[in-house]
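# would you be able to build a 3D model of this:
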Amino acid sequence: MSDPHPARPPAEKEDKRTFLQKVAEFIHPGPDSRAELIETLADAEDNDVIGAESRVMLEGVIRMADQTAGDVMVAAPRMDLVNIDAPFDEMLHLVIDTAHSRFPVYEGDRENIIGILMAKDLLKLQRSPNLNIRALLRPAVFVPESKGLNDLLREFRGNRNHLAIVIDEFGRVAGLITIEDVLEQIVGEIEDEFDIAEDEGDIFGLADRTYRVSGDTSIERVAEAFGVSLNRTDGEGAFDTIGGLVAHEMGHVPKRGEQHTLAGLNFAVLHTKGGAVRWFKVSPVEDDGSAG
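Predicted structure coming up:
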């Protein structure tokens, strides 16, 4: 006996495009590569379909698909680490000087990362000196250099870990990456409380009687503020900013944590962005009385 209700082939999805839309898409087909898609976004901005900031963010999302953790990580030599056996005062100074919120903690060798310390948890140690710092550590997350940023962002969003240790193909620590590093690929540089606007000043006195000086501060202003003599020119050219002068004196682009003595002042690099020093910590070089 035949089936009174024979199975019907599934109906094709209705094409709701109008005739004019079909003709337009035939004449101007959509982009079939990332490069063409980015060009399309540029055209959309030119035609006032989207704004400039929207285009930049959309381009960031597209380009991020090809990037890995190894592309944007902070390299291991530049990582600010906490030694589990360091005195409390030393840990506190590191937190104040670097202004990070999370720190990888190591034991013995810097390769031996045993956890992540939240800066705010140091307050618990201050209230209870007998508290074991190991009890405050959060688990460290390890990811390979080849980890795609899309996947990493999804993992960051799915858990409360906003920092990961990046491992190379040999299992060694290659660097670290934060959720801020990933998001900056989409929205650009993220300013925080450490990034003070240029128009709010360039030299700040700190509680420990040192000074925080913007790398963009003019050489004349630094010389006047500290009562020293700084040469703006040499045989190779002239310099306008203290960041440019210190970089020239060091012979390379300064990295966070590096120090250089100039005109009786010690310049410690606090913060860098885009290959330039944003902030120095400046203090007079102490005279140990050995000269003479």
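# phi, psi of the nearest residue to residue 101 once chain neighbours are set aside?
Nearest residue to residue 101 in three dimensions, chain neighbours excluded: residue 119, at 5.1 Å (Cβ to Cβ, 6 or more residues apart in numbering). Placement of C-beta: from N, CA and C, glycine included. Main-chain dihedrals, residue 119, degrees, to the nearest 10: phi -60, psi -40.
# which residues touch residue 119?
By Cβ atoms under 8 Å, 6 or more residues apart in numbering, the contact list for residue 119 reads 95, 100, 101, 102, 103.
# ok, of the residues you listed, which come out buried?
Buried by 16 or more other Cβ atoms under 10 Å: 95, 102, 103, out of the contacts of residue 119.
# turn the contacts of residue 119 into a markdown table, columns for distance to residue 174.
Compiled in a markdown table, the contacts of residue 119 are given as follows (distance: Cβ to Cβ, whole Å):
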| residue | distance to residue 174 |
| --- | --- |
| 95 | 24 |
| 100 | 19 |
| 101 | 22 |
| 102 | 18 |
| 103 | 17 |
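# Serialize those to JSON lines and add fields for pLDDT.
As requested, those are arranged in JSON lines below (pLDDT from 0 to 100):
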{"residue": "95", "pLDDT": "82"}
{"residue": "100", "pLDDT": "83"}
{"residue": "101", "pLDDT": "86"}
{"residue": "102", "pLDDT": "90"}
{"residue": "103", "pLDDT": "93"}
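# so which residues of the stretch 51-200 of the chain form helices?
52-64, 69-72, 88-98, 122-127, 149-158, 179-187 (DSSP state H, counting those that start in this stretch).
# grab the most central residue of this structure for me.
In the chain, the centroid-proximal residue (Cα atoms, centre = their mean) is residue 181; its distance is 4.5 Å.
# residue contacts, that one?
Going by Cβ under 8 Å, 6+ apart, residue 181 touches 72, 73, 74.
# now residue 80. Its backbone dihedrals?
Torsion angles, degrees, to the nearest 10, at residue 80: phi -90, psi 110.
# could you measure the closest residue to it other than its chain neighbours against residue 141, distance?
Closest residue to residue 80 apart from its sequence neighbours, by Cβ to Cβ, 6+ apart: residue 98 at 4.9 Å. Distance, residue 98 to residue 141, using Cβ to Cβ, to the nearest Å: 20 Å.
# so where is the stretch 101-250 of the chain shaky, pLDDT-wise?
Along the stretch 101-250 of the chain, the model assigns pLDDT under 70 to residues 187-201, 206-208, 232-237.
# for it, what spans make up the strands?
Per DSSP state E, counting those that start in this stretch, the stretch 101-250 of the chain carries strands over the ranges 102-107, 109-118, 142-144, 163-167, 173-178, 203-205, 211-214, 233-234, 237-238.
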